[in-house]
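# just to be clear, the model below is a prediction. Sequence and coordinates:
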Amino acid sequence: MDIIQEDCEGVARQAGSLEMLRGECVLVTGGTGFVGTWLCELIAYLNDHHGFGTRLFLLSGRAHSFSAKAPNLAMREDVTLIERDVRSILDLPKEVAWIIHAAGNPDNRLMASDPLRVTQVIAQGTQTVLEAATRLPNLKKILNISSGLVYGAQPLEMKGILENYFGNLDCAAVSGVYAEAKRFAETLCAAYRNQHRLPVLTARPFAFIGPYQLLDRPWAVNNFIRDGLMGGPIRILGDGQTVRSYMYPSDMAFWLLRILAAGAPGQNYNVGSSHGVTLQQLAEKIAEAVPVRPKILSRVSQEASPHRTRFVPDVSLAEKTLGLKITVDLDTAIRRTLLWNEAQNKLTRAGEKH
C-alpha cells in the first residue's frame, strides 16, 4: 500500500460520519488542484474499501493534465473530468447534489503577475457556480472554500483566530486581491443563501503540508522541504520567529467532507491545525527528518526590525460541533511528505532513463 492509501485508511476509520455522501454525486470545482486531488483520493478510497458508491465530477480548466498528475484517479469510472473555465459555467450535471467550490489559486506570485485573473476566478467563478446551482433539481449543499486570509492580520498575542474575528486588509494593495476576492465570494454566498435559499456554507482553510503540494510554491514549508531534500542549506527569511501551523491533507480532505455532509448552512468553519510552530522550529524538524542534516541559515536585515506574523486558527467550532480532530501530527506529516517526494523523485529519474 502506498503512502496516500495509508493516509486515506487512517482517516477512513471515521467513515461512518460521512454516510450522507453514500451513493451521492459530488462536484468539485478546481477539482484537479491540491484540495480537489485529495478529495478525490479520499472518496476513491471510501468507494473501494467502504462501498460508498459516490460519484465524483472534477471541474477544472486544466483537467487534461490530471492524467499525468494522478493517473490512478483520472482513469477511474467513478470520476468524471470536466474541462471548463469556472468563470464560464452555464449549467452543471443534473445529477449533482453536493458541490465543493474550491477554484482559486493562492500563489502570491500570481497575485503580482495577473491580479485581475485571481480576482475574476474567485469572484466571477463563485457567482457562476452559485447561479448554476440554483437550477439543480436535487441540490443538498454547497461548501464554499474560502481562506483563513480573509481575517486579515492576526495579532501576535492572539493564540488562534476564531470564525467571528476580522482584522484589517489593505484593499488598495495588489497583495490583498486574493483575500479581498475571497471575502467578496463569501458575501455572494450570503446573498444567494438569502435570495435563492441556497444551502451554502463556508470553510476557511489555513496552511497544509503533504503530498501533491508542489515544492516550487512560495511558502516557507515548501521551500524548507525542497532545500532539505537538495542537501541544504535551509534558508529562513527573517529571524525565524514567525508562527504558522500545518495540517496534513488527509485530515484536510476528511474535514472538508465532514463539513459538507454535516455542517450547518450559513456557518463558517476554520480548517487547519491549532498547534503553532515558529519557522525556526519548523526548519529544525525538517532538518532532523532528511537523510543528511543540512545547515539552517536565517537572513535578517540589519536596518529594520524583524517582521513577525502569526497565522494559526482556532478550530474549536469544528471540533465541538462536528467531532473533528487532527489525526496526523506535524512530525509525522513532515516524514510522510519527505517520503512521498523522495518516491516521486525516484519515479522521475526512472522515467528519464527510459
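Looks like it came in fine. Quick caveat: nothing in here was measured; it's all calculated off a predicted structure.
# wait, isn't P199 in contact with N138?
No. Judged on Cβ atoms under 8 Å, P199 makes no contact with N138 at a distance of 11.8 Å. In this view, the C-beta of every residue, glycine as well, is placed from N, C-alpha and C.
# out of the two, which sits in the more crowded spot?
Neighbour count, other Cβ atoms under 10 Å: between P199 and N138, P199 has more, with 17 against 11.
# with adjacent residues omitted, what lies nearest to that one?
Closest residue to P199 apart from its sequence neighbours, by Cβ to Cβ, 6 or more residues apart in numbering: P265 at 4.3 Å.
# for C8, pull up the helix or strand it's in.
Using DSSP states H and E, C8 sits in helix 3-11.
# tell me which strands and helices that helix is in contact with?
Judged by 3 or more Cβ pairs under 8 Å, 6 or more residues apart in numbering; DSSP states H and E, the packing partners of helix 3-11 are helix 34-50, helix 249-262, helix 330-353.
# where does this structure dip in pLDDT?
Across the chain, residues meeting the criterion (pLDDT under 70) sit at 1, 301-305, 348-354.
# do that again at 90, thanks
1-2, 68, 105-113, 166-176, 214-219, 232, 237-238, 298-308, 343-354 (pLDDT under 90).
# what segments of it are helices?
For the chain, applying DSSP state H gives helices covering 3-11, 34-50, 66-69, 71-74, 108-113, 115-133, 177-195, 220-229, 249-262, 279-289, 316-322, 330-353.
# which residues touch the first one?
In other words, helix 3-11. With Cβ atoms under 8 Å, 6 or more residues apart in numbering as the contact definition, helix 3-11 has outside contacts at 1, 41-42, 44-45, 49, 210-211, 248-251, 253-254, 327-328, 336, 339-340, 343.
# now do the last one
Among residues not part of helix 330-353, those counted as contacts by Cβ under 8 Å, 6+ apart are 2-4, 7, 209-211, 213, 215, 225, 228-229, 246-248, 273, 275, 277, 282, 285-286, 289-290, 328.
# now a PyMOL select for only the buried ones of the residues you listed.
In PyMOL, this line selects whichever of the contacts of helix 330-353 come out buried by 16 or more other Cβ atoms under 10 Å:
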select buried, resi 3+4+7+209+210+211+213+215+225+228+229+246+247+248+273+277+282+285+286+289+290+328
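# between helix 249-262 and the helix holding C8, find me the angle.
Here helix 3-11 runs at an angle of 50 degrees relative to helix 249-262 (axes from the mean of the first three to the mean of the last three Cα atoms, to 10 degrees).
# C-alpha coordinates for helix 3-11, PDB please?
Presented in PDB, the C-alpha positions along helix 3-11 are these (Å, rounded to 0.1, in the frame of the first residue of the first chain):
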ATOM      1  CA  ILE A   3       1.700   6.400   1.300                       C
ATOM      2  CA  ILE A   4      -1.600   8.100   0.200                       C
ATOM      3  CA  GLN A   5      -3.600   4.900   0.500                       C
ATOM      4  CA  GLU A   6      -2.300   4.600   4.100                       C
ATOM      5  CA  ASP A   7      -3.200   8.200   4.800                       C
ATOM      6  CA  CYS A   8      -6.800   7.600   3.500                       C
ATOM      7  CA  GLU A   9      -7.000   4.400   5.500                       C
ATOM      8  CA  GLY A  10      -6.200   6.400   8.600                       C
ATOM      9  CA  VAL A  11      -8.900   8.900   8.300                       C
END
